[in-house]
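J.: Output the structure for:
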Amino acid sequence: MESVNQSRLVDDLRHNMGLRAGDRVAVHSSMKSLGPVEGGPMALIAALIEAIGGPERGTLLMPCFTKPLDEVDVLHTPCRLGLVPETFRTFPGVVLSNNRTHRVAVFGKEAVEIAGCHNRSTELGIGSPFHEFARRGGITLHIGCDLRSSSLVHVAEHMYPMPFSHAMIGYPGYEKPISLVLPDGTKRVCPPIELPGDSAGFVNLQKEMERLGLIHHGTVAAAECMRLHSLDILAIAVEMLARDPMALLCENSRCPVCPPKRKIVSDALANGADSPR
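T.: I've put the predicted structure just below:
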């Protein structure tokens, strides 16, 4: 397979995926899906920035989540989500949010304001950086990956609270207090407040959005990509949860998150609950 350069990536991002100067874009990515790229992840990051008109006009966001360690350093703990966000984490001019496990990296015109939302919100709850990004009219771009990697969907789970919302069901490790080292060197002990859920069931949201014609498909280099309006993701996810509180839970019986949540919903319905809330 022939390698592609930054110029080709910019052309694909603009013409195939419709990115324009001034856009706000949240990126979920698989570097290997692109095929050989001259310059690697740095070339992709530079191409994304060029496609949105540079830092003076556009804003670029990537999840830069960490493992639930005993101590997380905002500036220095590596990202667990792959090569592109880990490279973006140390890209000059990027602003990192202060969060114990679900830090985001933001570059561009609105970086400080969006990253700063984590100073007064939970990981992926109401008012968090992803939520604020959507409220500002952001676009979600998936490069070589599907909606199972869409962090924004977790925001919808908090916008429409389920019977299990306060049960603190999450993956092992996230339920403990974590010491967060802030950029100025001070430490803050952060207890768990809203635990992250499982995302395998988010394919159900993707199917519904496909049915409604709300996903734009295209290619960047060799990668199959999707562009969605972030507010559409929130709106459709909330509609689905309002109809069925189990709509975004997976079917895997060995999942540590979804089966206990299903049981709580089933018990609530068996006890005569009038609504999923």
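J.: tell me, what residue is most central in the protein?
T.: Centroid-nearest residue in the chain, with Cα atoms, centre = their mean: residue 151, separated by 2.6 Å.
J.: Ignoring the adjacent residues along the chain, who's closest to it?
T.: The shortest distance from residue 151 to any non-neighbouring residue, by Cβ to Cβ, 6 or more residues apart in numbering, is to residue 63 (5.0 Å). For the C-beta atoms, the positions are set from N, CA and C on the backbone; glycine is no exception.
J.: check contacts around the one you found.
T.: Residue 63 makes contacts with 28, 79, 81, 85, 102, 104-105, 130, 151, as judged by Cβ atoms under 8 Å, 6 or more residues apart in numbering.
J.: Specify which member of those is nearest to residue 209.
T.: Nearest to residue 209 among these, counting by Cβ to Cβ, is residue 28 at 14.8 Å.
J.: burial count for that closest one?
T.: Residues lying near residue 28 (other Cβ atoms under 10 Å) number 24.
J.: bridging residues for it?
T.: Per DSSP bridges, the residues bridged to residue 28 are residue 142.
J.: Surely it touches residue 142?
T.: Yes - counting by Cβ atoms under 8 Å, residue 28 does reach residue 142; the two are 5.0 Å apart.
J.: Can you work out which residues contact both of those two?
T.: Counting by Cβ under 8 Å, 6+ apart, the shared contacts of residue 28 and residue 142 are 149-150.
J.: How about residue 268, nearest residue that isn't a chain neighbour?
T.: Nearest one to residue 268, counting by Cβ to Cβ, 6+ apart, is residue 163 at 4.5 Å.
J.: Just the pLDDT for that neighbour.
T.: Looking at residue 163, its pLDDT reads 83.
J.: What about it, how many residues nearby?
T.: 19.
J.: and it, what element?
T.: Of the helices and strands defined by DSSP states H and E, none includes residue 163.
J.: cool, and residue 180?
T.: The secondary structure element spanning residue 180 is strand 178-181 (assigned by DSSP H and E).
J.: now the helices for the stretch 101-250 of the chain?
T.: Along the stretch 101-250 of the chain, counting by DSSP state H, counting those that start in this stretch, helices occupy 111-115, 129-135, 152-159, 203-211, 230-243.
J.: Quick check, residue 122 in contact with residue 195.
T.: No - Residue 122 lies out of contact with residue 195 (Cβ under 8 Å); the separation is 9.6 Å.
J.: Need the nearest residue in space to residue 258, chain neighbours excluded.
T.: Computed as Cβ to Cβ, 6+ apart, the closest residue to residue 258 that is not its neighbour in sequence is residue 249, at 4.1 Å.
J.: check contacts around that neighbour.
T.: Residue 249 neighbours (Cβ under 8 Å, 6+ apart): 198, 201, 258, 261-262.
J.: Save these as CSV, and put in neighbour count, pLDDT and distance to residue 57 too.
T.: Shown next, in CSV, are the contacts of residue 249 (neighbours: other Cβ atoms under 10 Å; pLDDT from 0 to 100; distance: Cβ to Cβ, whole Å):
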residue, neighbour count, pLDDT, distance to residue 57
198, 21, 92, 37
201, 21, 95, 36
258, 22, 94, 41
261, 23, 93, 42
262, 18, 93, 45
